[in-house]
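Engineer: What follows is a predicted structure for the sequence shown.
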There are 2 protein chains.
Amino acid sequence: MTLAAFCAALADQLPANAIVTDPGDIAPWLTDWRGRWTGTSPLLLQPSTTEEVAVIVRAAEAHGVGLVPQGGNSSMVGGATPPADGSAVLLSLRRLNRLRSLDSDHAVAEAGVILDTLQQAAAGEGARFPLDLGARGSATVGGLAATNAGGTQVLRFGTMRAQVLGMESVLSGGLVHDSLGGLKKDNRGVSLDHLLIGAEGTLGIITALRLRLVPGAGQRGAAWVGVANPHHALALLRCLEAATDTIEGFELIPDVSLTRVLEHIPQTRAPLTTNAPWHVLIEAVTGAAEEPPQQLLERLLGESTDLLTDAVIAQSDAQTEALWRLRHSISEAERAAGPAAQHDISLPIDRVPGFLLDEARLIERRFPGTKASGYGHLGDGNVHFHVRAPAGAPPGWADSAEGKAVSAFVHDLVTAAGGSISAEHGIGQMKKDELARLAPPARMQALRAIKAAMDPHGVFNPGKLV
Amino acid sequence: MTLAAFCAALADQLPANAIVTDPGDIAPWLTDWRGRWTGTSPLLLQPSTTEEVAVIVRAAEAHGVGLVPQGGNSSMVGGATPPADGSAVLLSLRRLNRLRSLDSDHAVAEAGVILDTLQQAAAGEGARFPLDLGARGSATVGGLAATNAGGTQVLRFGTMRAQVLGMESVLSGGLVHDSLGGLKKDNRGVSLDHLLIGAEGTLGIITALRLRLVPGAGQRGAAWVGVANPHHALALLRCLEAATDTIEGFELIPDVSLTRVLEHIPQTRAPLTTNAPWHVLIEAVTGAAEEPPQQLLERLLGESTDLLTDAVIAQSDAQTEALWRLRHSISEAERAAGPAAQHDISLPIDRVPGFLLDEARLIERRFPGTKASGYGHLGDGNVHFHVRAPAGAPPGWADSAEGKAVSAFVHDLVTAAGGSISAEHGIGQMKKDELARLAPPARMQALRAIKAAMDPHGVFNPGKLV
């Protein structure tokens, strides 16, 4: 049997603790963290060196066994969940978790290093790893790179792609690509690093990364602002960007989302005393020698009062955290409020306000009883766009025929507006069919050709992306 | 005949002025600007729209005719010169040269827009396109992207890759990829933009680019500094980088290169009154509201006097230009001084000083009579490393057996030091064999697989890169 021969080959070459066969130990990793996808895997491989990953890749290709790379298992699109038919095995990178080097401007971290661990190590050097997101306690840097993760600091620092200075990866044949030396200029053809970023583990296995660090945060400040509509929010962002390069977060929140948070999340309270149809959470981070962020925000917001209905500036770190807690609780509050079809979309930034107003109403008219709203990273053109089910819909509504029709309609509108059906979550298995349906022929032809070229034996994360 | 059928197919679908058959009109483009490579091409195609490029690609694939994309014909590695056997035709992008849109933070430029044109258009918007190099009057943005060009501002702004916000390109089948909308976040699999950057036209034809602009330069200032050795130069760079983010140029120059400039280039004079074995040209650019660069440089250099032997700060734009003229004349002066084997190499930055001292002496011992020296972009780890021929060597020495042995030895040393044999010039036809000899198996396997996947008919810039 193929799997038996695969296991025998590995048992000869890997330490015993790199091969887990107890179903009880494997089970927790077979379902994604939100419980939306479940697969099967007869064993779980957990190498602790790059050479062990190479051994596994060679054996997988020899025996035709798929490998599903998994870091923190925090994919939003089923990207790290194995297929149901048992044709692939889990390849956990969590034991490949050494920080190989660290100084004030870069870290070399193995794929299994957890984001929070890296952030804390950077802080120990007086530096900062400039990417942050809710799953920081479980997401690994390898997964973040494989999915080109975004988060709340993209506005100033870019996505994961902008943080990667070099990479080590295992490609077909078990060949190791290594650009960890971090050459600033290297024009020896196509960049393999950029090829693997965003490929979701379908072209090879990322084993280590050279990552940039930036100087440590001097002072953080936050403001909560009420605005009449998303157009005013965007105009406010443009004003702030013209005046300062210290804005790190600019999160747009419709009042309906804030209301849900206040209803469903304990110990939250409205930041403003007046009502507003839309809200913005702004974060500014300034260097030690610069104008303090509270003062900066007060001054700049004071110059833009025509764009605001009200504003409050956090006067302490605790107040800043309380404002961010409102933002980070939206997802949980939305879940508590009932079933909804969720979409991680991006648009040309100038199109976002119109989409949140006009296209949202179009969707509600097309699917009576639904309520459409979006919140998120306005400065990146990225909104998390939720369409709430009609009253009385069952919990699994998003996966029902109507839920799927809603999502297809949303994706059609996004595509027509020149946007992307996956801004930061990736494609995984969740959006694979929609990608194939909507991506231009040039993109699909290229993605398929590259997949076949880089993974001739079809072992890298089968069933994902293309 | 294949070519005749190709021509007939094109004549049916392209306007007459897009097809040039007069050998006299074709001849100027068959030889690279330095006169090192000459090819043949029975015709020159010069489309003026993306659709015309798509027509050409489809016809080329149908009839098995290679296409050699050419912008400003300023490749340093024969990347835009057709093969000698007449199996391919020139595809000039120079008529595809509209600036489709322009505002203060981005431009959408067709591939044939010349760098200088873009720079001036940006200046008209109070902005700057933050990439500059000597060939600005002929190099096109399409060529700059296809080769991931560098230049003198990489230290602060990165290579061409960092300037590209979106791309339009024609891929196999004449399919058009279009990301000109400039989504800040788009995770629909591998980035085709990043795949084509640095691919040297071997995977598809870039037809337009969305490029970032930065705020216009406030004030430019320059200093010329004498240092005892490259280690001190690097230490000085680190001090400056810790104190300011306004350093845009940091060019290391050995005294032997300066001496050649003063000998061979009219109307040049030594910037310092004292002798120094090594020199550094520093440029700082500050915003209108910031400390003037002259004052900034004077203050920061005053804090680093232990690293300098002498320093002078330009007091006017004319003086700044005069200092840069010394730097930009090195290449011409080196040519005038006699034959040399030239190498565009990069190293981990910390390895550069040692390479310029120790490896240079190793080369001179291995090849008696040669003199090895390097100058260039220290902050990028990129030096132009010249090995001067022994006295009395003929003009074509670099292509002789000894010249080639020298280059192979240099490339071996660079590879052993973890560096790249092409920092910013690319591979083209010049370094194709050396790439195949020295690149790790993982890289060569991936480059060849991707080439075969993206160019199944072998029409895109045949004979280059891989």
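Structural biologist: Great, that's in hand.
Engineer: List the residues that contact the residue in the stretch 201-350 of chain A positioned nearest to chain B.
Structural biologist: Closest residue of the stretch 201-350 of chain A to chain B, C-beta to the nearest C-beta: residue A:346 (4.6 Å). C-beta coordinates here come from the backbone N, C-alpha and C atoms, glycine included. Residues near residue A:346 by C-beta atoms under 8 Å, 6 or more residues apart in numbering or on different chains: A:380, A:381, A:382, A:383, A:419, A:420, A:423, A:424, B:183, B:184, B:185, B:186.
Engineer: ok, now residue A:118?
Structural biologist: A:99, A:107, A:109, A:129, A:141, A:211.
Engineer: swap the cut-off to 10 Å and go again
Structural biologist: Residues in contact with residue A:118, defined by C-beta atoms under 10 Å, 6 or more residues apart in numbering or on different chains, are A:99, A:102, A:107, A:109, A:129, A:131, A:136, A:140-141, A:144, A:209, A:211, A:213.
Engineer: Which ones among the residues you listed map onto helices?
Structural biologist: Judged by DSSP state H, helices contain the following of those: A:141, A:144.
Engineer: Between the contacts of residue A:118, which sits nearest chain B?
Structural biologist: Among the contacts of residue A:118, and counting by C-beta to the nearest C-beta, the member closest to chain B is residue A:144, at 11.7 Å.
Engineer: So for the closest residue to the closest one other than its chain neighbours, what's the pLDDT?
Structural biologist: If the residues on either side of it in the chain are set aside, residue A:144 comes closest to residue A:160, at 4.9 Å by C-beta to C-beta, 6 or more residues apart in numbering or on different chains. Residue A:160 carries a pLDDT score of 98 in this model.
Engineer: burial count for residue A:160?
Structural biologist: 26 (other C-beta atoms under 10 Å in any protein chain shown).
Engineer: residues contacting it?
Structural biologist: Taking C-beta under 10 Å, 6+ apart as the criterion, residue A:160 is in contact with A:131, A:133, A:141, A:143-151, A:154, A:197-198, A:209, A:211, A:424, B:187.
Engineer: do residue A:393 as well
Structural biologist: Neighbour list for residue A:393: A:338, A:339, A:340, A:369, A:370, A:400, A:402, A:403 [criterion: C-beta under 10 Å, 6+ apart].
Engineer: now the spatially most central residue of chain A: how far from chain B?
Structural biologist: The centroid of chain A falls nearest to residue A:149 when counting by C-alpha atoms, centre = their mean (3.8 Å). Plainly put, residue A:149 is 9 Å away from chain B if you go by C-beta to the nearest C-beta, to the nearest Å.
Engineer: so is that residue in a helix, a strand, or just coil?
Structural biologist: Per DSSP: H, G, I helix; E, B strand; the rest coil, the local secondary structure of residue A:149 is coil.
Engineer: correct me, but it touches residue A:158?
Structural biologist: No - contact criterion C-beta atoms under 10 Å: residue A:149 and residue A:158 do not qualify, at 11.1 Å.
Engineer: before we move on, which element is residue A:445 in?
Structural biologist: helix A:441-454 (DSSP states H and E).
Engineer: Packing partners of that helix?
Structural biologist: When contacts are defined as 3 or more C-beta pairs under 10 Å, 6 or more residues apart in numbering or on different chains; DSSP states H and E, helix A:441-454 sits against helix A:192-196, helix A:432-438, strand B:164-170, strand B:176-178, helix B:192-196, helix B:441-454.
Engineer: now do 6 Å
Structural biologist: Packing partners of helix A:441-454 (3 or more C-beta pairs under 6 Å, 6 or more residues apart in numbering or on different chains; DSSP states H and E): helix B:441-454.
Engineer: mind listing what's buried in stretch A:36-53?
Structural biologist: Neighbour counts over stretch A:36-53 (16 or more other C-beta atoms under 10 Å in any protein chain shown) mark A:36-37, A:39-50, A:52-53 as buried.
Engineer: Stretch A:366-385 now?
Structural biologist: The neighbour-count check on stretch A:366-385 (16+ other C-beta under 10 Å) flags A:367, A:370-385 as buried.
Engineer: Alongside chain B, which residues does chain A contribute?
Structural biologist: A:148, A:150, A:171, A:175-177, A:181, A:183-190, A:192, A:194, A:198-199, A:346, A:348, A:380-382, A:418, A:420, A:422-424, A:426, A:435, A:441-442, A:445-447, A:449-450, A:453, A:465 (C-beta under 6 Å from any C-beta of the partner chain).
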